[in-house]
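turn this into a model:
(one chain, ligands or ions: 1)
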Amino acid sequence: MDKVVDVLSEVRAKLPRALTEIQVPSYRDIPKKLKEAPLWVKISLGTSAVSYCYIRYKWTAMNDWGVPVLTPSLLTFGTAGHYAVDNGFNELADKELKDKNRKTVGYYRLTSPVIFTVDHELINAVFTTHFGSFSARQPDMGSFGVGKELKHTLDILTCPVQWRRVRQSISPSFSNVQLEKMMSVTKARLDILCDQIRNLNGEKINVKGVTGKYTMDGFLAGAMGVDLELEDLRDFTKSKEYMYFHEIFNPGAQIFLTVFIPGFGDLLDSLEIPIYATEAVRWFTGYCKAMLNADTPQTDRRNFLEIFKKLKITDEEAKAATKGLTHDEIISQIFVLFAAGFETTATLLQFAIYEICKNADLQERLVEEISGVGEDYSNFNSKKLPLLCATLNETLRLYAPAGVHLRYCNNDVVINGIPFSKGSNVEVPVDALHENTEYWGADACDFNPDRWISNPDYEKAPFFLPFGAGPRNCVGMRFANMQARLGLMRILKTFKLEFPKDFVPDVKRTRLTTFLLAPSKDIDVCFLPREYIN
Ligand code: HEM
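Modelled structure (predicted):
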């Protein structure tokens, strides 16, 4: 400490002299200095001045849109600094919407106008009624710097033209018939999971290891015919599938260049320059190709793959087709379904188990409810399993796995008085929507599954959107619900769930910059086999 004080005193002693030594040119000298400056300095200054004027001009775009607009600044890339920090979205929503008691504000993502809203009428108009004008998400961001190899994946998520054909092709994979088929595979994998949990002998485990293994394994086995082999459940978070997934979905700060600079992601893709997760992407591409090419004898376990293979078309055919998938698109779909499906449902179950462990009474009521109900697809609804469905819905409300819904405006259109221009965006901060007291009542922030039992209409409420809305909502919603309901039911039937003695249940949700959700610390849980307790 003394050393620091010494150094600071030394610096302070030197400071006045150092400052007087700086020669600040008089403003009268500036034209002369500029004239003498090298050409590159002149070009840089000129370009900066033009860019600045252009940006200032772009920042007038929302002046007469009739919504309050947050003051932009260059330092925060317009008003988009919240993109770069965990919980940034929620803090912005709290500060600008909740605390000021308003539902919609505008801000600039560098120069792109963004309407940031929890107004369910506006959301419904944009996502459903005017879907034709908002059928894309973020088409100018290319692959976000992940590289050309997985570019198709993101084209499908963001590009409206390709999306329509791909969505038409993959939707039948989620039909009731398919889900029932996949359920039988999922049940068999659950048997193995429960044996692995028993092998822990009631010792604590990070619950994400259990829920992640379950959802990843269920999807890979039921849809792709691949088993996730693991000796010990505790090794799940060390598996390549999990580690590489996290590398791709936890990008460094460089990804924000593709978010803030329009067209930068596309430029990187055309130059074939990936800016992060190259090894993980290479591994996943090989992994997905291997799944497609594997000659698995049990075709009934390759439910999605067999559908995709039947739909295969050439690149040439794809130009005019309204249905069908090219070879590269099949590879990308395997990845996108794996990525979109495993983490989200694992997060849902992780937080559901956390809340159930916190509330012994809820756990008892759940066990009682499920005791007489069989594991049939036809039972997985709120009529047959009201409390189980309510608990999962309440978890989806307060711990929505995906934290923002995005739409991009394809053409100028006026909606609810707002004159959206082509290239503008709509962002829905899901946590703020799901905690809005006007919609959910004064106890909006409390975990209370019973609200779903007294208000069954909430399931269809326009302000409950964990899976998004409109024709571009989550294609895997029914699969996710089936997997979550079956998994939670089996786990509760087989194990009593408890926190270990040293665990303090003070977990907060962290909304990551990728909009996914993580707990503020590992959630440790002991799974005690019921056969030893009862
Ligand atoms: C609890 C689990 C899940 C949650 C909360 C969730 C949530 C979401 C959300 C919010 C969207 C964006 C919707 C919108 O923009 O309106 C989405 C899109 C998507 N989800 Fe899910 N999802 C889950 C599980 C799954 C599963 C299991 C799969 C597939 C196996 C899946 C595949 C997809 C795909 C492919 C899209 C893009 C749809 C499109 O652009 O047409 N999701 N999901």
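
next one: the helix or strand where Glu343 lies to chain centre, how far?
Here Glu343, judged by DSSP states H and E, is contained in helix 327-358. What separates the centre of helix 327-358 from the centre of its chain is 10 Å, taken as CA atoms, centre = their mean, to the nearest Å.

for it, which positions count as buried?
By neighbour count on 16 or more other CB atoms under 10 Å, the buried set for helix 327-358 is 328-357. For glycine as for every other residue, the C-beta is placed from the backbone atoms N, C-alpha and C.

so where do the strands sit in the chain?
Using DSSP state E, the strands of the chain run over residues 104-109, 112-117, 204-206, 404-408, 413-415, 418-420, 425-429, 495-498, 509-511, 517-519, 524-529.

quick one: closest of these to the ligand.
Across the strands of the chain, the ligand has its closest neighbour in strand 404-408 (4.7 Å, CB to the nearest ligand atom).

now what about that closest one, what contacts it?
89, 123, 126-127, 134, 136-139, 158, 423-430, 465, 468-469, 472, 515 (CB atoms under 8 Å, 6 or more residues apart in numbering).

without its sequence neighbours, what residue ends up closest to the residue of the stretch 101-250 of the chain found nearest the ligand?
Closest to the ligand within the stretch 101-250 of the chain is Arg167: 4.9 Å, counting by CB to the nearest ligand atom. Take Arg167 and drop its neighbours on the chain: the residue closest to it by CB to CB, 6 or more residues apart in numbering is Val475, 6.6 Å away.

does the one you found really touch Gln168, like I thought?
No. Val475 is not in contact with Gln168 according to CB atoms under 8 Å; the separation is 10.6 Å.

so these two - more neighbours on which side?
Val475 (19 against 15; other CB atoms under 10 Å).

what count of nearby residues applies to Gly46?
Look at Gly46: counted by other CB under 10 Å, it has 10 neighbours.

quick one: pLDDT of it?
On pLDDT, Gly46 comes in at 89.

kindly report the same for Leu230.
Leu230 is given a pLDDT of 83.

look up the closest residue to it, ignoring the ones flanking it.
Leu230's closest residue in space is Phe236 (CB to CB, 6+ apart), at 6.0 Å.

residues touching stretch 185-205, excluding its own?
Contacts to stretch 185-205, defined as CB under 8 Å, 6+ apart, come from residues 210, 213-214, 217-218, 221-222, 227, 230, 232-234, 301, 375, 482-483, 486-487, 490-491, 494-495, 500, 503, 524-529.

and the stretch 251-400 of the chain, which of its residues are near the ligand?
Contact residues (CB under 6 Å from any ligand atom) of the stretch 251-400 of the chain with the ligand: 336-337, 340-341, 344-345, 348.

same deal with the chain?
157, 163, 167, 219, 336-337, 340-341, 344-345, 348, 401-402, 405, 466-469, 472-476, 479-480.

identify the residues contacting the residue of the stretch 101-250 of the chain closest to the ligand.
Arg167 makes contacts with 471-472, 475, as judged by CB under 8 Å, 6+ apart.

look at the closest residue to the ligand within the stretch 251-400 of the chain and report its pLDDT.
The minimum distance from the stretch 251-400 of the chain to the ligand, using CB to the nearest ligand atom, falls at Gly341 (3.0 Å). Turning to Gly341, the model gives it a pLDDT of 84.

ok, the one 5 residues further on next?
Model confidence at Ala346, expressed as pLDDT, equals 96.

burial measure for Ser143, as a count.
Applying other CB under 10 Å, we find 23 residues neighbouring Ser143.

before we move on, what about Arg198?
For Arg198, the neighbour count with other CB under 10 Å is 16.

how much space between it and Thr494?
Going from Arg198 to Thr494 by CB to CB, to the nearest Å gives 8 Å.

hey, what's in contact with both of these two?
Common neighbours of Arg198 and Thr494 (CB under 8 Å, 6+ apart) are Pro529.

shaky segments in this protein?
When residues are selected by pLDDT under 70, those of the chain lie in 1-27, 140, 148-158, 296-302, 534.

try it again at 80.
Within the chain, the stretches with pLDDT under 80 are 1-31, 33, 138-162, 251-256, 259-263, 294-303, 532-534.
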